[in-house]
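J.: coords please:
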Amino acid sequence: MIKAGWVVTRDRNGSFTVYGSGMQEYRYDSRTESWSEDLHTIELLLEQDLEVNASVKSYPWKSPFVISSRLTALNHTKQTSQPVRYLCQEGLVSEKTVLHLGTGMDRFAGDALIKAGCRNVTDYDPNFCPDPSVLDRQYDIVMAHYVVNILPPEDRRQVYRLIAKTLRDGGNSYLTVQGLWPVEHKYEIIRRIEDGYLIRTGYNTTFRKGYSSEELLKEIKSELGGTARLITTFYSNTLASWTK
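T.: Got it, this is the predicted structure:
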């Protein structure tokens, strides 16, 4: 399961939940020694994901970091992420079509955006919602929260190109990144790598970069041109916008 990038969370009683692609959950109950779904079906889906991960053409970008990022995706169990809540509360998504790039395991974001007045919400995530056809359209808003900070430079450039490709003229892109302090103090740092760190979180090793607000705005303008501006900060994390 780990090779396919499926997230596994364990309970104290020995039960565990497996999070597969397409926002699917499979629960193993240690008391009854049984799965919530037919085990043969789960095994077939696992094999399919392993094949997809091995196919370069299946993803708009292909990198071990992108695949392994599934293992560090936060499971939102009560409400959507803080950046999505902020955009909804401030009325920035009303009457807009939205591409949520790098949805991860934020199961509540779509409903929250629709309730805030979005005309349509489309999810794309190379791990959890891997339908590249949605990237052939353009949207009023493209949001990518805590995406570029988990990718090294070349993978980030491909994400920036995706944002430029999928954002319509006159639209807005919103990007959120982790700040310097949490990256340098919350994780076990293995070593420096390119412009960030190779870190260990649980049993997974992946890339993480911390940004100051100034550095994020500078990088957005360097990669995309146009206009980048600071929207707000969440502690040391930064939410910025970009327009063409």
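J.: now do the SS call for the nearest residue to Gly210 once chain neighbours are set aside.
T.: Using Cβ to Cβ, 6 or more residues apart in numbering and skipping residues adjacent in sequence, the residue nearest Gly210 is Val183, 3.2 Å away. To be clear about C-beta, it is placed using only N, CA and C from the backbone, and glycine gets the same treatment. Classification of Val183 using DSSP: H, G, I helix; E, B strand; the rest coil returns helix.
J.: could you pull out the strands in this structure for me?
T.: Remark: strands assigned in the chain by DSSP state E are 7-10, 16-19, 25-29, 34-35, 97-101, 120-124, 139-145, 167-177, 188-193, 196-201, 204-208, 227-234, 237-243.
J.: please produce CSV containing those, extended by mean neighbour count, distance to Pro83 and mean pLDDT.
T.: Converted to CSV, the strands of the chain look like this (neighbours: other Cβ atoms under 10 Å; distance: least, Cβ to Cβ, whole Å; pLDDT from 0 to 100):
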stretch, mean neighbour count, distance to Pro83, mean pLDDT
strand 7-10, 15, 21, 71
strand 16-19, 18, 21, 82
strand 25-29, 17, 24, 89
strand 34-35, 13, 34, 94
strand 97-101, 24, 11, 96
strand 120-124, 19, 15, 95
strand 139-145, 24, 4, 97
strand 167-177, 20, 4, 97
strand 188-193, 12, 25, 90
strand 196-201, 17, 20, 86
strand 204-208, 20, 17, 80
strand 227-234, 14, 7, 97
strand 237-243, 21, 5, 98
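J.: how about these, which one is nearest Ser81?
T.: strand 139-145 (5.7 Å; Cβ to Cβ).
J.: most distant residue from the middle of this structure?
T.: Thr32 (34.0 Å; Cα atoms, centre = their mean).
J.: quick one: the nearest residue to Ser34 once chain neighbours are set aside from Asp38, how far?
T.: Distances taken as Cβ to Cβ, 6+ apart put Tyr28 closest to Ser34, at 7.5 Å, once the chain neighbours are dropped. Here Tyr28 is placed at a distance of 13 Å from Asp38 (Cβ to Cβ, to the nearest Å).
J.: repeat for Ala164
T.: Ala164 sits 43 Å away from Asp38, taking Cβ to Cβ as the criterion.
J.: same deal with Glu223?
T.: Using Cβ to Cβ, Glu223 is found at 46 Å from Asp38.
J.: ok, now Tyr174?
T.: 40 Å.
J.: try Asn127
T.: Separation of Asn127 from Asp38 (Cβ to Cβ): 23 Å.
J.: who has more neighbours out of these two?
T.: Shown here are Asn127 and Asp38; by other Cβ atoms under 10 Å, Asn127 has more neighbours (28 against 10).
J.: how far away is the more buried one from Gly14?
T.: Per Cβ to Cβ, Asn127 is found 26 Å from Gly14.
J.: ok, Glu154 next?
T.: Noted for Glu154: a distance of 41 Å to Gly14, by Cβ to Cβ.
J.: also Asn237?
T.: Look at Asn237 and Gly14: by Cβ to Cβ, they are 35 Å apart.
J.: same question, Thr238
T.: Note on Thr238: its distance to Gly14, by Cβ to Cβ, is 40 Å.
J.: cool, Ile193 as well?
T.: Using Cβ to Cβ, one gets 36 Å for the distance from Ile193 to Gly14.
J.: cool, Leu239 as well?
T.: Applying Cβ to Cβ, the value for Leu239 to Gly14 is 40 Å.
J.: mind listing what the nearest residue to Ser36 once chain neighbours are set aside touches?
T.: Using Cβ to Cβ, 6+ apart and skipping residues adjacent in sequence, the residue nearest Ser36 is Arg27, 4.0 Å away. Each residue near Arg27 by Cβ atoms under 8 Å, 6 or more residues apart in numbering is listed here: Ser15, Phe16, Thr17, Val18, Trp35, Ser36.
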